[in-house]
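Enquirer: need a structure here:
(2 chains)
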Amino acid sequence: AQSVSQHNHHVILSEAASLELGCNYSYGGTVNLFWYVQYPGQHLQLLLKYFSGDPLVKGIKGFEAEFIKSKFSFNLRKPSVQWSDTAEYFCAVNGGTTGANNLFFGTGTRLTVIP
Amino acid sequence: KAGVTQTPRYLIKTRGQQVTLSCSPISGHRSVSWYQQTPGQGLQFLFEYFSETQRNKGNFPGRFSGRQFSNSRSEMNVSTLELGDSALYLCASSLAALSGRNNEQFFGPGTRLTVL
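Expert: Model (predicted):
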């Protein structure tokens, strides 16, 4: 079965600090990888996605993520966070080879950015 | 283009009752998935419907069921409610039922169910 681990439960940063949120998944086949963000009181929104090709993917709002297949990781990064990045971040995976559309989510990382 | 809509947004029920939640996908989207979000378990997949057929099912008891109509709208039903069913229920729609390059899932605002 697929599983996703997010090791950081709560991260607190000052504005302009750099961000890296860890995500590891457990799945032997081809996977599609996603990072979603949930701002307070808002819907889950897609930040970025990886299906194949360049392992460094860029998303919205200056976020990027790197897929490292050998480490089963898909860490999210942002060079300089803003107060408006305060939100909960979820890593998710679905199985490319199975064709299944359902997402397996990590437990989420709450990011608090202090002005 | 209107997003995924879910009704009602908030619901309070008592143990033993049943509840029906509704989801209208983005126009043109034929796949609808349901997820349960709780502080303890996080986001967990319930089931997915495509062309009125359940294609995938998560690890939830039979009290949780769903259906999809010909216009792709979907409903989920929970019977004999338990306190532990209190959660945010999210609906997501996508173009197709198979994962792939362009098959992003778009989430609705959710229905907050409280079971007393």
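Enquirer: Give me every residue in chain B lying close to chain A.
Expert: Contacts of chain B with chain A, taken as Cβ under 8 Å from any Cβ of the partner chain, map to B:3-4, B:31, B:33, B:35, B:42-45, B:48, B:50, B:55-56, B:58, B:90, B:92, B:94, B:96-101, B:103-110. To be clear about C-beta, it is placed using only N, CA and C from the backbone, and glycine gets the same treatment.
Enquirer: Just the buried ones out of those residues, please.
Expert: B:4, B:31, B:33, B:35, B:42-45, B:48, B:50, B:55-56, B:58, B:90, B:92, B:94, B:97-100, B:103, B:105-110 (16 or more other Cβ atoms under 10 Å in any protein chain shown).
Enquirer: how deep is A:Phe67 tucked in, by neighbour count?
Expert: 20 (other Cβ atoms under 10 Å in any protein chain shown).
Enquirer: so who does it touch?
Expert: By Cβ atoms under 8 Å, 6 or more residues apart in numbering or on different chains, A:Phe67 lies in contact with A:Leu33, A:Tyr50, A:Pro55, A:Leu56, A:Val57, A:Ser73, A:Phe74.
Enquirer: A strand includes it, no?
Expert: Yes - judged by DSSP: H, G, I helix; E, B strand; the rest coil, A:Phe67 forms part of a strand.
Enquirer: okay, it: pLDDT?
Expert: Here the pLDDT value assigned to A:Phe67 is 95.
Enquirer: What separation is there between it and A:Asp54?
Expert: When Cβ to Cβ, to the nearest Å is the yardstick, A:Phe67 and A:Asp54 sit 9 Å from each other.
Enquirer: same question, B:Thr14
Expert: In terms of Cβ to Cβ, B:Thr14 sits 53 Å off from A:Asp54.
Enquirer: Which helix or strand contains the residue most central in space within chain A?
Expert: Centroid check for chain A by Cα atoms, centre = their mean gives A:Trp35 as the closest residue, at 3.3 Å. Assigned by DSSP states H and E, A:Trp35 belongs to strand A:31-38.
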